[in-house]
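Colleague: need a 3D model of the sequence below.
(chains A and B)
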Amino acid sequence: MSTVRLNAEGAENAEKNFLQKEAGTPGKTNPRLGLIAFLRLCLSRSCRGFFSIFSLRSLRPPRLSLRPHSPDWGLVFVYALVLALVGAGRAISPEFLTHKYLMQTALAVALLGIVSVGVAFITYSRHYVDLSIPGIMALSGIIAVSALKYGFIASLAAGLAAGMAIGLANGLVVGYLRLNPIIWTLAMMAVLSGVIRKAYGGAQVYPDAATDAGRAFLDLYHVEVLSIVPLPVAILAILAAAGYFLMRHTGFGAQLKLAGSSYEVARMTGVNVRRAVMAAFIISSATSAAAGILLTSFNKVGAQYVGRGYDFAAITAVVIGGTTLAGGRGGILGVIGGVMVIALLSSVLSLVRVGDFTFGEFEKAIVQGVVFILVVGAGSYSRRKSGLDDA
Amino acid sequence: MTDSGMALQMEKVSKRYPGTLAVDNVDFAVHAGEVHALVGENGAGKSTLMKMIAGAFDDYTGRILIGGREVLLHSPAIAKANGIQMIHQELSLAPALSIAENILAGRLPARGLVVNRGAMLAETRRCLGRVGLDLDPEMPVEEISPHEAQLVEIAKALGNNPCILVMDEPTSALGREEVQRLFAIIGNLRRQGLAIVYISHHLAEIFEVADRVTVLRDGRRVATRPMNQVTPAALVEMMVGRSASDLYARRKTRPGAQKLRVENLSRYGFFHDVSFGIRAGEILGLCGLSGAGRSELARSLCGIDPVDEGHVRLGGMDVTPRSYRAAIRAGLAYLTEDRKAQGLALRLDVAANILSAIIPRQCTAGVYFGGRGRGILGDLVRTLQVLPPDPSRTAGTLSGGNQQKVLLAKWLAADPEVLILDEPTRGVDVGAKVVIHQAIGALADQGKCILLISSDLPELVGLSDRILIMRKGHLIGQLPEDRRSESAALLAANGVGDLEPA
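Modeller: Model (predicted):
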């Protein structure tokens, strides 16, 4: 990484350059390993149900079946998209599928993945998204840097606690007072951004590389677990596994699913809906805070603009992954698929060259927005046609 | 002004829903200047007939004539163009808009693109004057009382200068004085030559306001009589028809000791000073007209709505609920009458719905073990004969009857001590009804208490061990054992006949 200019623009550019560079430079290792891994994942998880249509089910007499058999088409869709993008990337550049390259792509979107895993809980509960995510990320980062003088661990704890306090506030207001989540978190975002600017007088804070804590903080993003997996990727893996377990295998997850598919029904079933919704906002704020701290470590500066754009990117990943805005559907596997689609889309677009035309940041933003619109539109249209979204 | 010509004639009209003939070869005619009451039990075909008049169907058979001219009422717009206006039980006013904007919705007087405010206010005052209301036309509808809103609704319908006015339970939101005012308005309209179809369960109102009455039963017309040639008892006899109670076999087990005790329960404005008990293994029927406070009592009983006064005791313990969750923990459960909005998560599968009320029971330290519910799930799907017998089917794709079975299964899974059933078989087919009735009987045989609220009189009389009558928010007594019949129950709900103390 080249020297980072210590001003606002510099840090933002550094992040963009990093994403572009990391995503656009394939290395050289065995390209087949990744493809095989993808294929196995897709076949084992999502297509089991798909192939079951070829079985002799219809010839048997009707009987009580206790195993779910219908495929999760959202999941099939997103991993089909992943495969298509991998195929496209491989067609353009033969070195697209190398191990090193995949790891770099993973690192480039690890933070987005971490945020998305948390946001998925809010979307799952039918409260759409937390628009104060960029504010939470900036706040946790800047608080973590400010708290470095009390030690490295204290700094991380302070950053996380600050972010989760905002999540608690969001959860109390949206869950208990039933304010509209979009409007409330939008207002929270405006307040957070103002508070940070006011508290730091518009200035940015830098970790002091002369102290142990400061060095540890700056190294945080670049640590490699077991010296192969970058720390953000490892954290994403752990959070995704935890999120999957929480959503699928806990009472909380089951209650959130019921609340997400029908708030009124969940309430009339005796579920503590308010607490479940509040928990969803706290989970989202916790993952956002973690991502915010990592992003601040990478930027080497805590500032109000850190985390900008993560709200929209995260909801895009969540929705592409089959967690519909109408709630109660989807899951963490889909979210990871959605994050992969965004990452692969970005790197495939970087490889595209038609005459003089290439996809820069602006063009990519347009493509990402259009993809979001198409997925949301096609999803709700098909569900309305099939009569499944009247509830 | 009275004109004895026919305003509306329906000749041999029928309407078939998948599986049922809701209206079967019905003849129905209303004179101009006549108030014609339409009565019948729930499911007799009244609302289908009215929807037909309002243009809700394009596939009815038979002829409809308006003012002697045959018309095809295939859309609501055609019905309106032919001078037909409906006043529904549920208000169709937009709360945030002003009275004027509501009354003149779709026909605001305008100069070019700008609303002519003067004309709007004058026209609104004229409409309000017809129903005897003196309100500021620019006041938002949400700021007026429900009584006034109901009258504004009527003013809105009159504003379109109808020649046929259909009123569906127009008094359910009105107090006694407003009812008198409404009857005066109806008298005026009759003199102006309007044809009025009046639907109500309140027999007293019908005798007060109507000229003729048509009785429907099972989709067929039983009789049309001038009001002065029938008595309430004769009317009820025609509505109820054959005694369906014989279809219900009496259960063999006798109820045991008293288990649930409700003492002086009140929710101000909804029901007052209600006391009764349910014995173990007893099915207690609660009978009353719409607006009598049955559902409100049930909802307060299990903590969904607040309780202002009184106590609920279950097996000697005070379980007066503070929240629905507390009530469920104490062993009460409420099967809602609104399956779609409050009962089932239609987008989730059958298994998730049936197991939704016992999520905590399937957890250890917060970890959910879906397998624990498998056995109970399989049992319930089998005993309630849910079709198709596939727990992974999306609940919304099942038929109404099977959805209702799933809803019942959800609360059977929770194994409550007291189960309150609010319209457990509303809108379900006969097959599902039988299965649901058997399940309710079986539950009582296990010694549970069941409170049954149903507008389906054969069901209420056939299933219940005792029947309590509610009227205007008060529990007025118990139907004597020797007079337990559908007609007696219906008359009692209308305040006719002697009752035992509950």
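
Colleague: can you tell me the centre-most residue of the chain?
Modeller: You didn't say which chain, so I picked chain A. By C-alpha atoms, centre = their mean, chain A has its centre lying nearest to A:Ser116, at 2.1 Å.

Colleague: was after chain B, sorry
Modeller: Chain B, centroid-nearest residue using C-alpha atoms, centre = their mean: B:Ser290 at 6.2 Å.

Colleague: in space, what's closest to it - neighbours in sequence excluded?
Modeller: Spatially, and ignoring its direct neighbours in sequence, B:Ser290 is nearest to B:Ser172 (5.6 Å; C-beta to C-beta, 6 or more residues apart in numbering or on different chains). The C-beta positions use only the backbone N, C-alpha and C, and glycine is treated the same way.

Colleague: what about that neighbour, how many neighbours?
Modeller: If you count neighbours by other C-beta atoms under 10 Å in any protein chain shown, B:Ser172 ends up with 16.

Colleague: quick one: low-confidence parts of the chain?
Modeller: Picking chain A for this. A:1-71, A:385-391 (pLDDT under 70).

Colleague: actually chain B
Modeller: For chain B (pLDDT under 70), the answer is B:1-4, B:18-19, B:89-90, B:242-250, B:252.

Colleague: which residue ranges make up each domain of it?
Modeller: Domain assignment of chain B by automatic domain parsing yields the ranges B:6-244, B:256-331+B:416-502, B:342-410.

Colleague: re the thing from before, quick check: the residue nearest to B:Ser290 touching B:Glu205?
Modeller: No. Taking contacts as C-beta atoms under 8 Å, B:Ser172 lies outside contact range of B:Glu205: 10.6 Å.

Colleague: pretty sure the residue nearest to B:Ser290 is in a strand, no?
Modeller: No. If the criterion is DSSP: H, G, I helix; E, B strand; the rest coil, then B:Ser172 is coil and not within a strand.

Colleague: distance of it from chain A?
Modeller: 23 Å (C-beta to the nearest C-beta, to the nearest Å).

Colleague: please apply the same query to B:Ala333.
Modeller: For B:Ala333, the distance to chain A - C-beta to the nearest C-beta - is 8 Å.

Colleague: my read: that residue touches B:Gly303, true?
Modeller: No. Counting by C-beta under 8 Å, B:Ala333 stays clear of B:Gly303, with 11.0 Å between them.

Colleague: name the nearest residue to A:Val376, sequence neighbours excluded.
Modeller: A:Val319 (5.8 Å).

Colleague: how many residues are close by that neighbour?
Modeller: A:Val319 has 27 nearby residues by other C-beta under 10 Å.

Colleague: can you give me the strands for the stretch 151-300 of chain A?
Modeller: Listed in chain order, the strands of the stretch 151-300 of chain A (DSSP state E, counting those that start in this stretch) span A:224-225, A:229-230.

Colleague: just those strands: most buried one?
Modeller: strand A:229-230 (a mean of 18; mean count of other C-beta atoms under 10 Å in any protein chain shown).

Colleague: check which helices and strands that strand sits against.
Modeller: When contacts are defined as 3 or more C-beta pairs under 8 Å, 6 or more residues apart in numbering or on different chains; DSSP states H and E, strand A:229-230 sits against helix A:99-124.

Colleague: off-centre distance for the helix it packs on?
Modeller: Averaged C-alpha coordinates place helix A:99-124 at 5 Å from its chain's average position (C-alpha atoms, centre = their mean, to the nearest Å).

Colleague: now do the buried residues in it.
Modeller: Neighbour-count burial for helix A:99-124 flags A:99, A:101-124 (criterion: 16 or more other C-beta atoms under 10 Å in any protein chain shown).

Colleague: repeat for stretch B:187-197
Modeller: Buried residues in stretch B:187-197 (16+ other C-beta under 10 Å): B:189-190, B:193-197.

Colleague: got the residues of the stretch 201-350 of chain A near chain B?
Modeller: Counting by C-beta under 8 Å from any C-beta of the partner chain, the residues of the stretch 201-350 of chain A close to chain B are A:248-255, A:257-258, A:261-262, A:264-272, A:326, A:328-329.

Colleague: now, of those, which are buried?
Modeller: Applying 16+ other C-beta under 10 Å to these flags A:249-255, A:257-258, A:261-262, A:264-272, A:326, A:328-329 as buried.

Colleague: mind listing which of these are in helices?
Modeller: A:249, A:251-255, A:257-258, A:261, A:264-267 (DSSP state H).

Colleague: and the two most separated of those?
Modeller: Farthest pair in those (C-beta to C-beta) is A:His249 and A:Glu264. Separation: 25.7 Å.

Colleague: need the contact list for residue 258.
Modeller: Just going to use chain A. By C-beta atoms under 8 Å, 6 or more residues apart in numbering or on different chains, the contact list for A:Leu258 reads A:265-266, A:269, A:271, A:328, B:345, B:348, B:352, B:356, B:359.

Colleague: not what I meant, chain B
Modeller: B:277-280.
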